[in-house]
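> Show me the folded form of this:
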Amino acid sequence: MPKFIGLIGYPLKHSISPYFQQAALDYYHLDIRYEAWETGPQKLEAIIAKLRESRKLGANVTVPHKEAVLPLLDGIDDLANLIGAVNTIVRRDDKLLGFNTDADGFLQALHKEGHFEPEGKRAVILGAGGVAKAVCFALVQEKASSLIIVNRTPARARALADSLRSYIAKIGLKTEVTTLSWQSLTSGGTFGRCHLIINCTTIGMKYSPQEGQSPLSLAVIPSGVLVYDLVYNPCPTPLLLVAEKAGANTLDGLAMLVYQGAASFELWTGREPPLDIMLKRAREVIGGER
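Prediction:
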């Protein structure tokens with residue numbers, strides 16, 4: 001009898017996680033199926049309850065549930081608790097435990113694929129949701145010199161900034177954290193001194209309401225900056241196409257997706273994730289080979 005792992009989010013039509021996760025499970029000949037469980041907000045509690053069934057091993061959690069899922073779990077590890085977002089759930093005995101592998105996946109891709117070291121660098125982050133939280137805490141831990149958080153809902157940006165400042169004061173770091181209005185994205189001055197721009201929103205994502213759109217125009221992106229779009233489908237995204245025209249360096253979200261997924265795989269199975277196989281399958285799917 002097979003066991004099951006799922007991806008919980010809404011919408012999920014763009015997701016390629018089932019393809020590369022299944023490739024990893026098949027590599028070890030495990031009788032486990034990884035499925036997409038598209039779940040609107042009103043059905044989140046019910047789908048989490050079903051994870052307690054004996055044939056369920058856990059789940060990945062994506063937009064828009066990474067924060068909403070926290071009170072539905074029995075335990076949350078220290079990093080996920082600090083970040084305030086969960087992207088991986090593991091069932092252990094009769095307990096549902098929450099983890100965050102986004103922060104590590106983000107940094108691995110930034111270092112290995114982007115060849116970028118955040119220490120002493122200035123970053124602008126678009127968005128203030130679950131993945132933005134992981135990104136911001138990761139950059140603080142890597143000793144970035146400053147973060148500017150820009151979000152459509154100013155209160156969410158301020159709340160994230162406040163939690164980051166509290167953490168920075170507690171551990172004795174010196175990262176400066178500020179927020180700006182969404183309208184500031186039309187001003188080149190917002191990015192004039194930054195080294196890194198990270199899109200943590202779904203703008204430009206395939207099948208989203210903002211498909212085909214870029215959050216930034218050509219005029220505001222400085223030459224030489226690294227633009228890191230966590231959207232991975234399509235590849236390249238509208239933002240990265242604009243960034244290339246501006247003379248910026250670019251990094252797409254595919255490597256982060258696979259690195260965070262590999263960490264999740266290890267939590268569910270206890271096995272070393274076959275990264276090469278996962279990356280190869282992810283690239284095949286994005287390239288149209290399903």
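> Quantify the burial of residue 70 by counting its neighbouring residues.
Applying other CB atoms under 10 Å, we find 17 residues neighbouring residue 70. Every residue, glycine included, has its C-beta placed from N, CA and C.
> my guess is it contacts residue 86, does it?
Yes. Residue 70 is within contact range of residue 86, at 6.0 Å (criterion: CB atoms under 8 Å).
> Common neighbours of those two, please.
76, 80, 98 (CB atoms under 8 Å, 6 or more residues apart in numbering).
> Selection in PyMOL covering whichever of those are buried, please.
Those of the shared contacts of residue 70 and residue 86 that count as buried under 16 or more other CB atoms under 10 Å are selected in PyMOL with:
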select buried, resi 76+80+98
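> Which ones among the shared contacts of residue 70 and residue 86 lie within strands?
76, 98 (DSSP state E).
> Spell out, range by range, the strands that occur in the stretch 1-150 of the chain.
Taking DSSP state E, counting those that start in this stretch as the test, the strands found in the stretch 1-150 of the chain are 3-9, 32-38, 56-61, 75-76, 88-92, 95-99, 122-126, 146-150.
> Adding distance to residue 194 and mean pLDDT, write those strands out as CSV.
What follows is those, written out as CSV (distance: least, CB to CB, whole Å; pLDDT from 0 to 100):
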stretch, distance to residue 194, mean pLDDT
strand 3-9, 30, 98
strand 32-38, 36, 98
strand 56-61, 30, 98
strand 75-76, 32, 98
strand 88-92, 30, 97
strand 95-99, 30, 98
strand 122-126, 5, 98
strand 146-150, 7, 98
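> Dump those into a markdown table; add distance to residue 247 as well.
Shown next, in a markdown table, are the strands of the stretch 1-150 of the chain (distance: least, CB to CB, whole Å):
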| stretch | distance to residue 247 |
| --- | --- |
| strand 3-9 | 35 |
| strand 32-38 | 38 |
| strand 56-61 | 36 |
| strand 75-76 | 42 |
| strand 88-92 | 37 |
| strand 95-99 | 38 |
| strand 122-126 | 17 |
| strand 146-150 | 21 |
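> for the ones you listed, which one sits closest to residue 276?
With CB to CB as the measure, strand 32-38 is the member of those nearest residue 276 (18.1 Å).
> Next, the contact list for residue 151, please.
Residue 151 makes contacts with 126-128, 132, 157, 160, 179, 182, as judged by CB under 8 Å, 6+ apart.
> rerun that using 6 Å as the cut-off
Residue 151 is in contact with 127-128, 157, counting by CB atoms under 6 Å, 6 or more residues apart in numbering.
> likewise residue 118?
Residue 118 is in contact with 139, 142, 144, counting by CB under 6 Å, 6+ apart.
> what do you get if the cut-off is 10 Å, keeping everything else the same?
107, 110-111, 138-145, 147, 175, 195-196 (CB atoms under 10 Å, 6 or more residues apart in numbering).
> Show me which of these is closest to residue 232.
Nearest member of the contacts of residue 118 to residue 232, counting by CB to CB, is residue 110, at 14.3 Å.
> I'd like to know how far the closest one sits from residue 42.
Residue 110 is 35 Å from residue 42, where distance means CB to CB, to the nearest Å.
> neighbour count winner among those two?
A direct count of neighbours by other CB under 10 Å for residue 110 and residue 42 places residue 110 higher, at 25 against 8.
> What separation is there between the nearest residue to that one once chain neighbours are set aside and residue 3?
Closest residue to residue 110 apart from its sequence neighbours, by CB to CB, 6 or more residues apart in numbering: residue 116 at 5.2 Å. Going from residue 116 to residue 3 by CB to CB gives 38 Å.
> how far does stretch 131-151 sit from the chain's center?
Counting by CA atoms, centre = their mean, to the nearest Å, stretch 131-151 is centred 13 Å from the centre of its parent chain.
> scratch that, stretch 269-276 is what I was asking about
Relative to the centre of its chain, stretch 269-276 is centred 20 Å away, using CA atoms, centre = their mean.
> Mean confidence (pLDDT) on that stretch, please.
For stretch 269-276, mean pLDDT is 98.
> related to what we said a few turns ago, identify, from the contacts of residue 118, the entry nearest to residue 153.
Distances from residue 153 to the contacts of residue 118, taken as CB to CB, are shortest for residue 147 (17.4 Å).
> Run through the residues that contact that closest one.
Contacts for residue 147 (CB under 10 Å, 6+ apart) come out as 118, 121-125, 135-136, 139-140, 160-161, 164, 168, 175-179, 194, 196, 198.
> Recalculate using a threshold of 8 Å.
122-125, 136, 139-140, 164, 175-178.
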